[in-house]
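# coords below, sequence missing:
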């Protein structure tokens, strides 16, 4: 009906709540990218020679590559020379030994974000490796994890303390030349997280990292590496917010997961970076390469993501199902509002026998948001009895937004069973009216309908994260109607 | 309780209601019958405040308040309930959760304390018992994958929980087999009360065998062209609606038809 679009458009308008800037003097490299910059980063981080060589090799590859343009995204040209590639809080020189030593302003920032470190860590039993800009400032529960033999630390620490592990696994899932943004990350990454779960160990708590981009004009290039040895289990949570900015900020992370025989890795993300204002100005460019390698038989990797932020999202958390009987899962909710664009999905590469994969993707578009699902299911010739189930649902709120689905299915083994289901629905005027007629307000109705739509994905998230994700969607859709 | 005076309404710019008058008292059930396209469903939607239904003239007073000035959710909170002809599916939203959200929104509006889960569950069990409905639908998503009969039963169940002052049943009988129809009608009859008015919109007389109305109105071309007792429905069943066009209104037995012809 005539009033529908104006009503619903209002609900999607919602100011970014984490738009504040912490006043901490940053130790920042001047903008620009060159071999010298990479050497400077490596030197500041006091890295071994092999890692510098590794970075330089990646940089050489990157110089020969071109920015991909196949995604359903409109991206303004990025001036890589205008970006500063290193930024650390000043206190980095004098690293805090415990949370008590952490700059109180920093802790205050986390407070504003609703991440009270001690409380959260103690009450919820979650160890938090908080990445503020590019350098880790606090890691908790280390001792307890150590007792279990689990290594959970910043990437820089891992390079210093466990070089053999880093060298063995770094780049083994996402090679330096994998893609343009991954190559860039390999060249200039500053920090991130490292997790190692030894053989047979079930990680005693959920591991969580909060990322936050803070210094202006600073691209952030994290590197996450998770290795689960034979028979081990780990659940890892990643959540992000960023302060309000006018300039686009580039973010190109790489996440590598390795699951050996019978290992189980669950990786959950709630992403709420600054999406730009209601006119499409500003916002984070999020070009992420996430890939898991089910290297051993009967291993399992499960990606769950709730993506509500960023101006542009380019992200395909994938699974390489190498081990026989291995399982890959991808559960995703992606919301685009205002002028946000997302091209996201997954790749499931079936190599081992009896490998199974499951893809549940929920895209929500509101205002002028554009949301694309892009998914590849590949069954290689020796992957006997491979199974895939894909369900791909899109919800449109209002009339100016778009939903697009690009499934790619390549099957080279006749025993494969691949199913793909897709639906597109509009939050109907009829659904809304039904709720209103029972006395429920428009805002409550929309969040109820959206929440119902996302239920299959939310139930895959750890409890606490699910609550956060639900609240995040509500906040993101507040004001979309009315 | 409900007084509709000279109501005109357009849908997509096209006049559908053209001067409708109706006076419903508390405790009464009025049936509105009429051929397809007469504006039966429009009336329910206009009263409930659905977008796209534009009132161009007339007045609707509900318990002395101007109903047309209220937002749809306000009308619901004031006690207007529309049982939908096509109840809407809301995937992933639990039926009980939905109904509790609705009830508590209404209670809050009326300045009453919200019901907690335990209190709500007690209420729900009590209503299910009264209506002889199993608790299977409590655990499912709102109308998702419900059969036609289940959807209509769910509407009546919602009505029982929300306890409206004015209930409008929009073709609640459509698509029901005789058993489902009986169950639904029985539910409605159990909810008859002295302080509740009901408008039963239907195309067929069949429903009125089970829900006996105090008055039957005939809606044709946007107006109530005839009003009578329960037996008017039978006459309509026998003769169809065609005779209305042929000046048949005048032939109505004047003993049981108070003629309400509009100019």
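Structure received. All figures in this text were calculated on a predicted structure; none of them were measured in a lab.
# the strands in the stretch 1-150 of chain B, which residues?
B:2-11, B:14-24, B:29-33, B:53-62, B:65-66, B:80-83, B:90-94, B:141-142 (DSSP state E, counting those that start in this stretch).
# any chance of those strands in a markdown table, plus distance to chain A and mean neighbour count?
For glycine as for every other residue, the C-beta is placed from the backbone atoms N, C-alpha and C. A markdown table is the format used below for the strands of the stretch 1-150 of chain B (distance: least, CB to the nearest CB, whole Å; neighbours: other CB atoms under 10 Å in any protein chain shown):
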| stretch | distance to chain A | mean neighbour count |
| --- | --- | --- |
| strand B:2-11 | 9 | 19 |
| strand B:14-24 | 13 | 18 |
| strand B:29-33 | 18 | 24 |
| strand B:53-62 | 8 | 17 |
| strand B:65-66 | 16 | 12 |
| strand B:80-83 | 5 | 26 |
| strand B:90-94 | 3 | 21 |
| strand B:141-142 | 7 | 24 |
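# make TSV out of the ones you listed and add distance to residue A:255 and mean pLDDT.
Shown next, in TSV, are the strands of the stretch 1-150 of chain B (distance: least, CB to CB, whole Å; pLDDT from 0 to 100):
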stretch	distance to residue A:255	mean pLDDT
strand B:2-11	53	96
strand B:14-24	57	95
strand B:29-33	62	94
strand B:53-62	52	96
strand B:65-66	59	96
strand B:80-83	50	97
strand B:90-94	29	92
strand B:141-142	34	94
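# kindly check the end-to-end length of stretch B:28-40 for me.
End-to-end distance of stretch B:28-40 (CA to CA, to the nearest Å): 19 Å.
# the strands of the stretch 1-150 of chain B: which one's closest to residue A:462?
Judged by CB to CB, the one of the strands of the stretch 1-150 of chain B that comes nearest to residue A:462 is strand B:90-94, at 19.3 Å.
# helices and strands around the closest one, which ones?
With contacts taken as 3 or more CB pairs under 8 Å, 6 or more residues apart in numbering or on different chains; DSSP states H and E, strand B:90-94 sits against helix A:429-437, helix A:442-458, strand B:141-142.
# what parts of chain B come near chain A?
Neighbours of chain A within chain B, by CB under 8 Å from any CB of the partner chain: B:48-52, B:71-73, B:75-77, B:81-82, B:84, B:86-93, B:98-99, B:101-103, B:105-106, B:109, B:141-142, B:158, B:162.
# among the residues you listed, which are in helices?
Secondary structure defined by DSSP state H assigns B:48, B:72-73, B:75-77, B:98-99, B:101-103, B:105-106, B:109, B:158, B:162 of the residues of chain B next to chain A to helices.
# can you check the pLDDT for the residue sitting nearest the centre point of chain A?
For chain A, residue A:269 is the residue whose C-alpha lies nearest the centre (CA atoms, centre = their mean; 5.3 Å). With respect to pLDDT, residue A:269 scores 89.
# tell me what it is bridged to.
With DSSP bridges as the criterion, residue A:269 is bridged to residue A:238, residue A:305.
# contacting residues around it?
Residues near residue A:269 by CB atoms under 8 Å, 6 or more residues apart in numbering or on different chains: A:237, A:238, A:239, A:240, A:303, A:304, A:305, A:306, A:307.
# now do 7 Å
Residues counted as contacts of residue A:269 (CB atoms under 7 Å, 6 or more residues apart in numbering or on different chains) are A:238, A:305, A:306.
# from the residues of chain B next to chain A, list the buried ones, please.
With burial judged by 16 or more other CB atoms under 10 Å in any protein chain shown, the buried subset of these is B:48-51, B:72-73, B:75-77, B:81-82, B:84, B:87-93, B:98-99, B:101-103, B:105-106, B:141-142, B:158, B:162.
# now do the strands in the stretch 351-482 of chain A.
Going by DSSP E, counting those that start in this stretch, the stretch 351-482 of chain A shows strands at A:356-366, A:370-379, A:387-397, A:402-411, A:417-426.
# okay, the angle between the second one and strand A:387-397?
Orientation check (axes from the mean of the first three to the mean of the last three CA atoms, to 10 degrees): strand A:370-379 against strand A:387-397 gives 170 degrees.
# buried sites along strand A:370-379?
A:370, A:371, A:372, A:373, A:374, A:375, A:376, A:377, A:378, A:379.
# closest one of those to residue B:24?
Using CB to CB, residue A:371 is the member of those that lies nearest residue B:24, at 47.4 Å.
# which residues does the closest one contact?
By CB under 7 Å, 6+ apart, residue A:371 lies in contact with A:334, A:336, A:342, A:363, A:364, A:365, A:394, A:402, A:403.
# the first one contacts residue A:344, doesn't it?
Spelled out, that is residue A:334. Yes: with contact defined as CB atoms under 7 Å, residue A:334 reaches residue A:344; the gap is 5.3 Å.
# who has more neighbours, these two?
residue A:334 (28 against 25; other CB atoms under 10 Å in any protein chain shown).
# OK, contacts around the more buried one?
Residues in contact with residue A:334 (CB under 7 Å, 6+ apart) are A:307, A:313, A:342, A:344, A:363, A:371.
# run the last query once more with 10 Å
Contacts here follow CB atoms under 10 Å, 6 or more residues apart in numbering or on different chains; on that basis residue A:334 touches A:271, A:305-308, A:310, A:313, A:315, A:340, A:342-345, A:361-365, A:369, A:371-373, A:394, A:457.
# what pLDDT does residue 28 get?
Going with chain A. Predicted confidence (pLDDT) for residue A:28: 72.
# you looked at the wrong chain, it should be chain B
With respect to pLDDT, residue B:28 has a value of 95.
# returning to that earlier point: just put the contacts of residue A:371 in a markdown table and tack on distance to residue B:10 and pLDDT.
Putting the contacts of residue A:371 into a markdown table (distance: CB to CB, whole Å; pLDDT from 0 to 100) gives the following:
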| residue | distance to residue B:10 | pLDDT |
| --- | --- | --- |
| A:334 | 40 | 92 |
| A:336 | 36 | 89 |
| A:342 | 40 | 90 |
| A:363 | 36 | 93 |
| A:364 | 33 | 91 |
| A:365 | 31 | 90 |
| A:394 | 33 | 92 |
| A:402 | 32 | 89 |
| A:403 | 33 | 90 |
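# so the residue most central in space within chain B bridges to which residues?
Central residue of chain B (CA atoms, centre = their mean): residue B:168, 1.5 Å from the mean position. With DSSP bridges as the criterion, residue B:168 is bridged to residue B:82, residue B:199.
# my guess is it contacts residue B:202, does it?
No: contact criterion CB atoms under 10 Å: residue B:168 and residue B:202 do not qualify, at 11.6 Å.
# what sits in contact with each of the two?
residue B:32.
# the strands in the stretch 51-200 of chain A, which residues?
Going by DSSP E, counting those that start in this stretch, the stretch 51-200 of chain A shows strands at A:87-89, A:127-132, A:135-139, A:151-154, A:191-197.
# worst average pLDDT in those strands?
In terms of average pLDDT, strand A:135-139 trails the rest of those, at a mean of 43.
# what about the closest residue to residue A:310 other than its chain neighbours, how many neighbours?
Nearest residue to residue A:310, sequence neighbours excluded (CB to CB, 6 or more residues apart in numbering or on different chains): residue A:286, at 4.0 Å. Counted with other CB under 10 Å, the neighbours of residue A:286 add up to 25.
# of all the strands of the stretch 351-482 of chain A, which one is nearest residue A:50?
Proximity to residue A:50 (CB to CB) singles out strand A:370-379 among the strands of the stretch 351-482 of chain A, at 32.9 Å.
# coming back round to it: could you say which one of the strands of the stretch 1-150 of chain B comes nearest to residue B:241?
The closest of the strands of the stretch 1-150 of chain B to residue B:241 is strand B:29-33. By CB to CB, the value is 8.2 Å.
# what helices and strands are in contact with that closest one?
On a contact count with 3 or more CB pairs under 10 Å, 6 or more residues apart in numbering or on different chains; DSSP states H and E, strand B:29-33 meets strand B:14-24, helix B:40-48, strand B:166-170, strand B:197-202, helix B:206-210, strand B:215-220, strand B:223-228, helix B:230-239.
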